[in-house]
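need a 3D model of the following:
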Amino acid sequence: MYLSFLDFVRNKSWLASLLCVIPVLIYVWVFKVIALNVNYVAFDDIMILGIIPGFEHATLGEKWKQLTTLFPEHRLVFSRSVILLLHGFLGKVNLVWPMIIANICWGLCAFVFYRAFKRLKANFWYFVPVMWLWFNIQSFENIFWGVSSLCNFGVLLFILSALYFAVYHPERIAYSLLFAVAATFTYGNGLMVFPVIGFLYLLSGRRKEFVITLLTAVTIAVIYFIDFTPITQNLDFSNPKQVKEGFFGFFGFIGSIATLRAYGAPPIVLSLAVGTGMLMITTLLFLYRKQYLKLWDSLWLKSRYNNQTALFALSIAIFVGITALALTYKRIPTDTFEGMFKGRYRMYSTLWCIALYFAFLSVSKERLKKWISPAILLAAVGLNLLILQGNFADAVNNRRAAIVQEFNARYNADWLGIRMFSMDQQHFEKIRSYYQSADPIAEGWDPKIGSDSVVCDSLYRADAVTKRGDHIVVSFENDFFKSLKDYSDGAYVLLKSPGHVYASPPNQFAVPFKTTIRRQMYFSKGAYGSFHVATVEPGVYSIYLLVRRNGKNRIYCTGQTWEEKE
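Modelled structure (predicted):
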């Protein structure tokens, strides 16, 4: 009966096509409702837009220097070029535009996968899990962060394109090397694609192409590392704690998709991701168990390895492995073990899953694929939806945090974020004029007025005003604070003194998945504001609640205050 059902749907290509489109539509919907024209919380968008002033009148040498200036350690030629092109043609840079371009790069990666899949000449149903795996939102930082989007999504597109041409069109070495150069000047790990390409040419018995790749890699590396001065500490192999964190962090990086959420995972879940990474690597090695001798013979030019899809999958896995090693070496001293699970790194875990699936399709027997593929499809769909449920609230909170940061930077001359990036408000406002973001929290009132002049709609007392560790936390627990217009809507907490005004985004939690199904709701009741004490200057602050509904602000007095003494 099971096999009869599989045979029945096998020829329903329209149904397979529909299932491929659904994750794309979900992804586009998430982007549409969350993407805002606002600087990301790390001020990196502001920094990259800083290339615009003076670039037009610079000499050719000065332009190249500006394009390749360390930031702080990567060469962001692609990102800066996109920003300059947008500003040159349109006169401004809505920050949603680079996000769109970057996410198109993400979508084009799926097209590269499809082109590779076509070489298998397999039933189209086998491609459906790729779409559900690829278009998940666990790497939402990249989706909604202009600079990181262009860097991380751009480098993956160029890398996959370089690997595709090296595997399937080895005679077109110029295309492969061109994409490799583009990857190098898009993000830091892009340079690592050159040794993988060289390895592919060795396996295919192409000595000439291998030598050309090697010479090109050396030339590009010399250009790339001119004036390069690392600003981060590297892993200290004499430090047992760092070595331990690096060892487990390497596997956790590869298996991070198992945490389901990009942030806030408890230690037990991070340990699960480490185990998953080990399992994913072991599974890949097991799948290739009958390929080792063939690969070895190809490496020593005794024969050519002809399974191109297996080679494509292997090249992706090798690149992800190199990236994991490099990141472990660079980041463990500063970010520690937990830093290996950042949201913007999650795409590499997804990429390993894709490599693993292509390896399965390329080396497994047809009968085994026929039996297991339906389970893989169901797992891919379920994983995508669980990731959506677990990360949507965090993505919304992330965007609201960006809105709040711009507000705080505009109305506090000594704002910590401004000082950290060595800029003043005049420069900040000049760069803001290029992307012309809105200031939704300031609409309908003047944040610069004194505390006594704030006009309140009514009284709305906070349920709790406490200090938890290094954070001042203000909680409101009795309203749902639904967003009507877009996700700039919400309940923002304000701290107002004669000299400062600080805002906190309305952090909200997602309800459990079962509650979402049963009650058709997603966000839990209530919201809370959180202020890190390092960002709040000493003084006595009146606490207000600014509720933005349907794009309009209403300010409520709480009758409560907070005194920051340090």
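
contacts for the helix or strand containing Met278 next, please.
Counting by DSSP states H and E, the element that carries Met278 is helix 267-287. For helix 267-287, contacts defined as Cβ atoms under 8 Å, 6 or more residues apart in numbering pick out 248, 250-260, 265, 317, 337-338, 341, 349, 352-353, 355-356, 359-360, 363-364. Every residue, glycine included, has its C-beta placed from N, CA and C.

for the helix or strand that it is followed by, buried residues please.
Reading on from helix 267-287 to the C-terminus, the next helix or strand found by DSSP H and E is helix 292-299. Under the neighbour-count criterion of 16 or more other Cβ atoms under 10 Å, helix 292-299 has Lys294, Ser298 buried.

again with stretch 370-389
In stretch 370-389, counting by 16+ other Cβ under 10 Å, buried: Lys370, Ser373, Ile376, Leu377, Ala380, Val381, Leu383, Asn384, Ile387, Leu388, Gln389.

what segments of the stretch 201-350 of the chain are helices?
207-224, 240-254, 267-287, 292-299, 308-335, 346-363 (DSSP state H, counting those that start in this stretch).

just checking, what packs against the longest one?
Think helix 308-335. In terms of contacts (3 or more Cβ pairs under 8 Å, 6 or more residues apart in numbering; DSSP states H and E), helix 308-335 is packed against helix 96-118, helix 154-168, helix 193-203, helix 240-254, helix 346-363.

same deal with the fourth one?
In terms of contacts (3+ Cβ pairs under 8 Å, 6+ apart), helix 292-299 is packed against helix 193-203.

touching the helix it packs on from outside, list them.
Looking at helix 193-203 with Cβ under 8 Å, 6+ apart, the contacting residues turn out to be 158-159, 162-163, 166-167, 170, 173, 176-177, 180, 183-184, 207, 209-210, 213-214, 216-217, 220-221, 295, 298-299, 301, 304-305, 311, 315, 318-319, 322.

any weak-confidence spans in the protein?
For the chain, the stretches flagged by pLDDT under 70 are 1-9, 71-74, 229-232.

in the strand ranked longest in it, what's buried?
Counting residues, the longest strand found in the chain (DSSP state E) is strand 552-564. Residues of strand 552-564 classed as buried under the neighbour-count rule (16+ other Cβ under 10 Å) are Asn553, Ile555, Tyr556, Cys557, Thr558, Trp562, Glu564.

excluding chain neighbours, give the residue nearest to the fifth one in space.
What that stands for is Thr558. Nearest residue to Thr558, sequence neighbours excluded (Cβ to Cβ, 6 or more residues apart in numbering): Ile543, at 4.6 Å.

in the sheet, who's paired with that neighbour?
Leu495 (DSSP bridges).

count of residues packed around it?
21 (other Cβ atoms under 10 Å).

please tell me I have it right and His87 contacts Gln436.
No - counting by Cβ atoms under 8 Å, His87 does not reach Gln436; the two are 11.6 Å apart.

those two: which has the busier surroundings?
More crowded of His87 and Gln436, by other Cβ under 10 Å: His87, with 18 against 11.

contacts for the one helix or strand the more buried one maps to?
According to DSSP H and E, His87 maps onto helix 77-90. Outside helix 77-90, the residues that touch it by Cβ under 8 Å, 6+ apart are 48-49, 51-52, 55, 66-68, 92-93, 97-98, 101, 147, 150-151, 154-155, 182, 185-186, 434.

which of those residues are buried, as a ChimeraX select command?
Applying 16+ other Cβ under 10 Å to these leaves a buried subset, and the ChimeraX line that selects it is:
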select :48,49,51,52,55,66,67,68,93,97,98,101,147,150,151,154,155,182,185,186,434
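
nearest to Val243, of the buried residues of strand 552-564?
Glu564 (40.7 Å; Cβ to Cβ).

name all residues that make contact with the closest one.
Residues near Glu564 by Cβ under 8 Å, 6+ apart: Ile472, Val533, Val536, Glu537, Pro538, Gly539, Tyr541.
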